[in-house]
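mind folding the following:
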Amino acid sequence: MTTTTLAVLVPLLPFLGAAAGLLLGRTAPGYVRPLAVLPSLTSLVLAVLVAVRQDGGQAINAATELTPTGSVPIELSLHIDGFAALVAVLVGVVASCVQIYSTGYLRNDPRCPSYAALISLFTSAMLLVVYSGDLIVLLVGWEVMGICSYFLVGHYWETPEARAASIKAFLVTKLGDVPFLIGLFALGTDAGSFRITTVLGTVASGGLHHPTLVALLLLAGVAGKSALFPLHTWLPDAMAGPTPVSALIHAATMVAAGIYFVARLLPVFQASSAAMVVLAVMAAVTMAGSALAALAQDDIKRVLAYSTIGQLGYMAGALAVGDRGAAVFHLLSHGAFKALLFLAAGVIIHASGTNSLAVMSRMTGLRSRVPDAYWTMTVALLALAAIPPFSGFFSKEAVLGAAEHVATGHTEHAPGSAGWIVLIAGLVTAVLTAAYATRLWLLAFHGRGVEARDHGKEPRSMTVVLWVLAVPSLAFGLAYGALPDWFDGRDLTPVLTTSVLGTGLALVGGIVTYGAWRHTTALAPRVPMGAVVAHPDAEPARVEAEAIASHAPTFGDVAYAPDPADPGRLLLGPLHRHAAVGFHLDAVYNVLFVRPVQAGATLVRFLDREVVETYVRGAAALPRLLGAAVRRAQTGNVQTYVSALLAGTVVLVVAALLVATGA
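Residues are numbered from 1 along each chain as shown. Take a look at the predicted model:
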């Protein structure tokens, strides 16, 4: 079988699995699990074969014209270089792990068939984006992911949080997609083709007429899809969906699509120095702001959501300094440990019966109840904090090293100002990342108070997946020496200066947070407020539906005040209450956009009812009055009719005589 055929099957198999799952899920429930797992696993195997055959060498290209358009042609084409081959493997690994995990996590959910089918469709759409060599075909996968995220985030549609989150995710990403679409059309018009290779050739020859405008339009779509400032606000709310969905969105699909798009078309953005500086500023604000917000969150999933935003900021920072190798390296590394973090969080939520770190901190022995989640999450958090030798250290160091090279003038791939912006923001974020990772670990696994109830062993399908993902979270970074062949020959060896700075700052962040935790714990009351209500038979779907993103942490029927032993409050001080609500950005958007739109809708409704309908009612009033007058003449009395006839005859005779006399 040719490599092209294998590559076509990689996105096609999950799509067929999704179609079969939607058709057979209700009528043949026994097929749900095989249709969920087997297409993803097979697609993963084929993606590995494609990567082996591509081997980081010359890109694999194939194309066929879909239909004559009369102008710029649209082609069903493949463009598989080293980046695409490895990202497709990541998508296959995470999607397969999520599907296997979900068979245990949502085993009693009545909507499991549609859920599994949508996960497969989500996977297929992302793989289409990764392998596509035509921008319009890429756009199809891009938009299908948006639809899938809408349905999956709103999986628990009974809860108002899930309904609101799904609508918000859809609208915010669409807000970025409108300029993104205009940018794609402008790019295709200048190049005379939507083929990625042709577009890149046009950029290299200087044929792009308005590079800054095109780049900024495309960045708007990337900001929406990859949750970069200022269109990042949908991602924390998207935690209203099931935890495995969060793992898929955050690790390998949706938010990864925007970063991958910029990496694939990086010369388009490098054609404009202004666009690169804008991207650097977006990355810096995204990094630092999200890390501060993560340090103030109580919901464990929202901590991880803001963590994802921060790591996407690192990837965008690498692209802003012109190093797509470092960006994709961190994308691959982050995909493994972030999927592990979310899936481990799902186990913890099921065992504790809550999403709230404040409530978990009042439990003793939670780590002994979920040892698999404890050890694997510890590995993932160390990778997130970039502690050597875990994978996050090597990939994050590649980003910082690339920024340092640009800032010090050792390379001209990007403006020096972009290098300094990314480097400073990246070092500050390194401290904050270690701080919120340490805080999460301490509050979740080292609580005091009521003994955590033993809910029994988690399904093996959930725990095995955690250990599978722990391997790349620990060891993938060590492959930095073998990756240059796949990443345009870019040397990913850690730089001494940024390695020491980054690791030292991460250790400082962790140690300071631990000290703050010890201090606040010593001052905290030793008896939890109220009696904890256990849920020994709680299903994860039910638990999550009842415990999503609560500002006042709840557990069972008992509401808790904010935990006084939270080190985040001590570290952030008066900034804490602002960081906890994302620095009021949603409130700002509500004033700038939501209220004006609502006011406009109210005005339109008033004009429709009071002006347009008034004219419509007025146009009908005269015929109605005439009809009423005629109706009064129809009395049904024969004598009245005869009298009217005689009177009319007399009138006519008199009128005729007058006319004759006058004549």
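
now do the contacts for the residue nearest in space to the middle of the chain.
In the chain, the C-alpha nearest the mean C-alpha coordinate belongs to Val255, at 4.7 Å (Cα atoms, centre = their mean). Applying Cβ atoms under 8 Å, 6 or more residues apart in numbering to Val255 gives the contacts 225-227, 235, 249, 308, 312. C-beta coordinates here come from the backbone N, C-alpha and C atoms, glycine included.

okay, those residues in JSON lines with distance to Arg163 next?
Listed next are the contacts of Val255 as JSON lines, based on distance: Cβ to Cβ, whole Å:
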{"residue": "Lys225", "distance to Arg163": "22"}
{"residue": "Ser226", "distance to Arg163": "24"}
{"residue": "Ala227", "distance to Arg163": "20"}
{"residue": "Leu235", "distance to Arg163": "17"}
{"residue": "Ile249", "distance to Arg163": "18"}
{"residue": "Thr308", "distance to Arg163": "22"}
{"residue": "Leu312", "distance to Arg163": "26"}
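
so which of those are in strands?
Among these, none falls in strands (DSSP state E).

closest one of those residues to Tyr115?
Nearest to Tyr115 out of these is Ile249 (Cβ to Cβ; 13.6 Å).

just to check, the closest one is in contact with Ser149?
Yes. Taking contacts as Cβ atoms under 8 Å, Ile249 lies within contact range of Ser149: 6.3 Å.

list the residues that are in contact with both of those two.
In contact with both Ile249 and Ser149: Ala238, using Cβ under 8 Å, 6+ apart.

got the residue ranges for the helices in the stretch 251-400 of the chain?
Assigned by DSSP state H, counting those that start in this stretch, the stretch 251-400 of the chain shows helices spanning 255-264, 266-270, 273-294, 300-320, 324-352, 357-360, 366-369, 371-384, 391-407.

wait, which of the ones you listed is closest to Ser499?
Nearest of the helices of the stretch 251-400 of the chain (Cβ to Cβ): helix 391-407, 5.4 Å.

flag every buried residue along the closest one.
Going by neighbour count (16 or more other Cβ atoms under 10 Å), the buried part of helix 391-407 is 391-407.

SS state for Ala19?
helix (DSSP: H, G, I helix; E, B strand; the rest coil).

residues in contact with it?
By Cβ under 8 Å, 6+ apart, the contact list for Ala19 reads Ala117.

same thing but at 10 Å, please
When contacts are counted by Cβ atoms under 10 Å, 6 or more residues apart in numbering, Ala19 touches 35, 117, 120-121, 124.

just Leu478 next, same as before
389-391, 394.

over to Phe83?
Contacts here follow Cβ under 10 Å, 6+ apart; on that basis Phe83 touches 56, 59, 130, 260, 263-264, 324-325, 327-329, 331-332, 486-488.

hmm, 7 Å instead?
263-264, 328 (Cβ atoms under 7 Å, 6 or more residues apart in numbering).

which other residues reach stretch 336-345?
With Cβ under 7 Å, 6+ apart as the criterion, stretch 336-345 contacts 94, 97, 101, 243-244, 246-247, 250-252, 300-301, 304, 308, 373, 376-377, 380, 383-384, 391-392, 465-466, 469-470, 472-473, 476.

wait, which of the contacts of Ala19 is closest to Met1?
Ser124 (19.5 Å).

so the one helix or strand that closest one maps to versus helix 255-264, what angle?
Ser124 belongs to helix 112-131 when assigned by DSSP states H and E. Relative orientation of helix 112-131 with respect to helix 255-264: 10 degrees, computed using axes from the mean of the first three to the mean of the last three Cα atoms, to 10 degrees.

pull stretch 436-445 out as PDB, backbone CA atoms only.
Backbone C-alpha positions of stretch 436-445 (Å, rounded to 0.1, in the frame of the first residue of the first chain) are rendered in PDB as follows:
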ATOM      1  CA  TYR A 436       0.300  26.800  40.500                       C
ATOM      2  CA  ALA A 437       1.500  23.200  39.700                       C
ATOM      3  CA  THR A 438       2.900  22.900  43.200                       C
ATOM      4  CA  ARG A 439      -0.300  24.400  44.700                       C
ATOM      5  CA  LEU A 440      -2.500  21.900  42.800                       C
ATOM      6  CA  TRP A 441      -0.400  19.000  43.900                       C
ATOM      7  CA  LEU A 442      -0.400  20.100  47.600                       C
ATOM      8  CA  LEU A 443      -4.100  20.900  47.800                       C
ATOM      9  CA  ALA A 444      -5.300  17.800  45.900                       C
ATOM     10  CA  PHE A 445      -3.100  15.100  47.600                       C
END
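
run the chain-centre distance for it.
On the basis of Cα atoms, centre = their mean, to the nearest Å, stretch 436-445 sits 24 Å off its chain's mean C-alpha point.

touching it from outside, list them.
Outside stretch 436-445, the residues that touch it by Cβ under 7 Å, 6+ apart are 291, 294-295, 300, 303, 307, 348, 357, 360-361, 366-367, 374, 378, 381, 384-385, 510, 513-514, 517, 566-568.

which residues of the stretch 501-650 of the chain score low on pLDDT?
Residue ranges of the stretch 501-650 of the chain with pLDDT under 70: 523-564, 632-633, 635.

and if we set it to 50?
The stretch 501-650 of the chain contains residues with pLDDT under 50 at 527-562.

for it, what spans make up the strands?
Using DSSP state E, counting those that start in this stretch, the strands of the stretch 501-650 of the chain run over 554-555, 558-559.

rewinding a little: selection in PyMOL covering whichever of the contacts of stretch 436-445 are buried, please.
Only the buried entries of the contacts of stretch 436-445 go into this PyMOL selection, using 16+ other Cβ under 10 Å:
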select buried, resi 291+294+295+300+303+307+348+357+360+361+366+367+374+378+381+384+385+510+513+514+517+566+567+568
